[in-house]
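Asks: have a look at this prediction, sequence included:
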Amino acid sequence: MSESEPEAEVVEITVQTNSEKIDQGRKHRRVRVPQNQLEIWDEEAEKRGMDRSSLIRMYAAAGRRMIDKYEPDKSIDENQSPLREAIIDEVPIGVDSATSIEQITESVIDEIENEVWDVLIEDDAINRSGNKFYKQ
């Protein structure tokens with residue numbers, strides 16, 4: 001950016017993380033982005049018939065695919081069970097942190113829902129009409 005160009009106004013957006021639960025509900029993180037970036041995302045989302053959150057998830061999924069493609073040693077092992085790993089990840093360490101099967105199940109279901117979103121958005125063979133998905 002040159003000295004004559006004004007610095008872009010920065011705004012905060014909130015990102016909800018389903019995998020990191022706290023007592024009061026879902027954990028939120030604040031991310032600072034330039035105001036014009038929100039406008040770009042909103043315009044792109046409108047063109048695609050989706051909301052900003054869905055567009056950002058799609059961008060994140062595309063980025064993850066790029067990392068898997070260009071850094072294959074860091075990608076997920078195809079032979080491991082993602083469901084098994086999600087369950088193990090949700091089991092806390094130590095008897096004092098023990099949790100119920102219902103709480104673990106709820107957390108894993110949230111993880112599965114996020115993965116379903118990723119697959120639906122990533123797969124070029126899947127189309128979207130509002131909140132419904134279909135293949136041709």
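Replies: Structure received. Numbering: from 1, shown residues only.

Asks: what's stretch 114-133 in contact with?
Replies: 18-19, 49-50, 54, 57-58, 61-62, 64-65, 82, 134-136 (Cβ atoms under 8 Å, 6 or more residues apart in numbering). Quick note: C-beta positions are derived from backbone N, CA and C, even for glycine.

Asks: may I see the buried residues of that stretch?
Replies: Neighbour counts over stretch 114-133 (16 or more other Cβ atoms under 10 Å) mark 118, 120-121 as buried.

Asks: next one: the nearest residue to Thr99 once chain neighbours are set aside from Ser107, what distance?
Replies: If the residues on either side of it in the chain are set aside, Thr99 comes closest to Pro92, at 5.7 Å by Cβ to Cβ, 6 or more residues apart in numbering. When distance is defined by Cβ to Cβ, to the nearest Å, Pro92 is 10 Å away from Ser107.

Asks: same drill for these two, tell me which one is more crowded.
Replies: Neighbours per residue (other Cβ atoms under 10 Å) separate Pro92 from Ser107, with Ser107 holding more: 20 against 11.

Asks: tell me which element that one is part of?
Replies: Element membership of Ser107 [criterion: DSSP states H and E] is helix 101-122.

Asks: kind regards, and thank you for your time.
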